[in-house]
Structures are given as structure tokens and as C-alpha cells.
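Visitor: Mind looking at a prediction? Sequence and model below.
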Amino acid sequence: MKTIKLALALAALSIAPAFAHEQHGHESFSAGEPGNPKKPARTIEILMNEMDYTPAKIEVKRGEQIRFVLRNVGKEDHEFLLATTKENLAHAEVMKKHPHMEHDDPNGVRLAPSKTAEILWKFSKAGTFEFSCLIPDHRNYGMVGHVTVK
């Protein structure tokens, strides 16, 4: 009997992470969803510098998948966080309290100088979204860009 209970307990523990992942694995993002690497994507390179992005304005079609190639060509760490303006402003307030918070999410990344990263993103919702650097003061100095999804 103890063997059966132990086996049931182990079985429950082994499926718990999968169940938990299923409950929380489908994050929702205001600006769309993580892209599918098996599908084609248009590549857009974005240079991150003190204190701007090049380009700072991008237009995409609804449903289009974009491979952002992000290059930090500046001398400081910079971020690229894709969300709504409201969300980024709220997140910027949290960053003031935790300035060393690092992002490595489907919609954002923090890069050291001379580093490169990619974000694959599908814009499934129409609207205007922004990408910004939420390291304290960077956004205020102009590190904000916009994506218009038509």
C-alpha cells in the first residue's frame, strides 16, 4: 500500500510542473505574441544608442512577423521593451525602485554595450505600440520608439 501511495505522489509531482506551465505558460502581451521561428519574418535592425533608437518609427501589417535584430552601439546598457505606452510607463516606475532589473522576455531584452540580440514578434493586434528603454532616465532622455500596426 505504501508503494502505491508513493507512486501516486511521485506521479502527481511529475505532472505538477506541466500543469502549472499550462496554467501560466500562455502569457498575453498587448503588442501581439512571440513569433514562430518556423514561419517567415521580415528583419528590422534597430540600433540602440545614447539615448535613442534608429529607426525610431516602424510600420508593420497586422499579422506580420518581425525579427528585430537589436544592436547596442552605445556605451551604456540599454533595453528594448515592446508594450503599450501605459505599460511601459508603469514598468518604468518599478524600474526606478529596481534599476538593475534585467529583462529577457519574449517582448524585451537588456543589452550590454556591443551586444546583439534578436526578438521574433508577431503583431497580431492593430494599434500603436512603443519600445523603450526603462533603465532609469533613459526613457526620459528620449529612448522611445513606436510601432504602428495597420
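Guide: Cool, got the structure. Every value quoted in this text rests on a predicted model; they were computed, and no experiment measured them.

Visitor: Spatially central residue for this protein, please.
Guide: The chain has Asn107 as the residue nearest its centroid, 1.5 Å off, counting by CA atoms, centre = their mean.

Visitor: For the residue nearest to Lys61 when sequence neighbours are not counted, which residues are in contact?
Guide: Distances taken as CB to CB, 6 or more residues apart in numbering put Lys150 closest to Lys61, at 6.1 Å, once the chain neighbours are dropped. (C-beta placed from N, C-alpha, C; glycine too.) Remark: with contacts taken as CB atoms under 8 Å, 6 or more residues apart in numbering, Lys150 is in contact with Glu59, Val60, Lys61, Arg62, Ala126.

Visitor: Looking at neighbours, which among these is most surrounded?
Guide: Within the contacts of Lys150, most neighbours by other CB atoms under 10 Å means Val60, with 20 neighbours.

Visitor: Look up how far Glu59 lies from the residue nearest to Lys61.
Guide: Look at Lys150 and Glu59: by CB to CB, to the nearest Å, they are 7 Å apart.

Visitor: which neighbours do these two share?
Guide: When contacts are counted by CB under 8 Å, 6+ apart, Lys150 and Glu59 are jointly contacted by no residue.

Visitor: what's in contact with the host helix or strand of Phe80?
Guide: In this assignment (DSSP states H and E), Phe80 forms part of strand 78-83. Outside strand 78-83, the residues within contact range by CB under 8 Å, 6+ apart are 29-31, 46, 48-49, 53, 68, 70, 72, 88, 91, 103, 105, 107-111, 117, 119, 121, 129-135, 138, 143, 147.

Visitor: Write the ChimeraX selection for whichever of the residues you listed are buried.
Guide: Applied in ChimeraX, the following selects the buried portion of the contacts of strand 78-83 according to 16 or more other CB atoms under 10 Å:
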select :29,31,46,48,53,68,70,72,88,91,103,107,108,109,110,111,117,119,121,129,130,131,132,133,134,135,138,143,147
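
Visitor: Out of the contacts of strand 78-83, list just those in helices.
Guide: Judged by DSSP state H, helices contain the following of these: Asn88, His91.

Visitor: Roughly how far does the nearest residue to Phe129 once chain neighbours are set aside sit from Pro113?
Guide: Nearest non-adjacent residue to Phe129, counting by CB to CB, 6+ apart: Ala31, 4.1 Å away. Taking CB to CB as the measure, Ala31 falls 26 Å from Pro113.
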